[in-house]
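1. I'd like to go over a predicted model; first the sequence, then the structure.
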Amino acid sequence: MKYNGKTYKSQQIGVNKYNERNYKQLNFRVKLGNDVALKEFAAENGLSLNALVIEAINEYAEKRTGQPILDLFDKSIIPPKTEKAE
């Protein structure tokens, strides 16, 4: 909650705890300037940079395995196909 444009410290602590329990931050590197190109491309396509990366991973996974591996809406990781043991 914001008051006069400021976030309450207790609220930020709660958000940080939630994020620590529910998300893992992954970092990757790109050449200088490519970050701007990626952000612009994502915005032009109505995506956040995070959504663009997840969509790209899923497209690659679908080509290789026939199904996506990540849920675009961060609900859960889609389990991989398993073959039944005979």
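-> Noted; the coordinates are in hand.
2. okay, CA-based contacts and neighbour counts for the rest of this
-> Fine.
3. low-scoring stretches of this structure, by residue?
-> 1-5, 71-86 (pLDDT under 70).
4. switch to 50 and redo it
-> 86 (pLDDT under 50).
5. Output the helix of greatest length in it as PDB, restricted to C-alpha atoms.
-> The longest helix of the chain (DSSP state H) is helix 49-65. Once non-C-alpha atoms are left out, helix 49-65 reads as follows in PDB (Å, rounded to 0.1, in the frame of the first residue of the first chain):
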ATOM      1  CA  LEU A  49      10.900  -9.200 -20.800                       C
ATOM      2  CA  ASN A  50      10.200 -12.100 -18.400                       C
ATOM      3  CA  ALA A  51       7.200 -13.200 -20.500                       C
ATOM      4  CA  LEU A  52       9.400 -13.000 -23.700                       C
ATOM      5  CA  VAL A  53      12.000 -15.300 -22.100                       C
ATOM      6  CA  ILE A  54       9.400 -17.800 -20.900                       C
ATOM      7  CA  GLU A  55       7.700 -17.800 -24.300                       C
ATOM      8  CA  ALA A  56      11.000 -18.400 -26.100                       C
ATOM      9  CA  ILE A  57      11.900 -21.200 -23.700                       C
ATOM     10  CA  ASN A  58       8.500 -22.800 -24.300                       C
ATOM     11  CA  GLU A  59       8.800 -22.500 -28.000                       C
ATOM     12  CA  TYR A  60      12.200 -24.200 -28.000                       C
ATOM     13  CA  ALA A  61      10.900 -26.900 -25.700                       C
ATOM     14  CA  GLU A  62       7.900 -27.600 -27.800                       C
ATOM     15  CA  LYS A  63      10.100 -28.000 -30.900                       C
ATOM     16  CA  ARG A  64      12.200 -30.500 -29.100                       C
ATOM     17  CA  THR A  65       9.800 -32.400 -26.900                       C
END
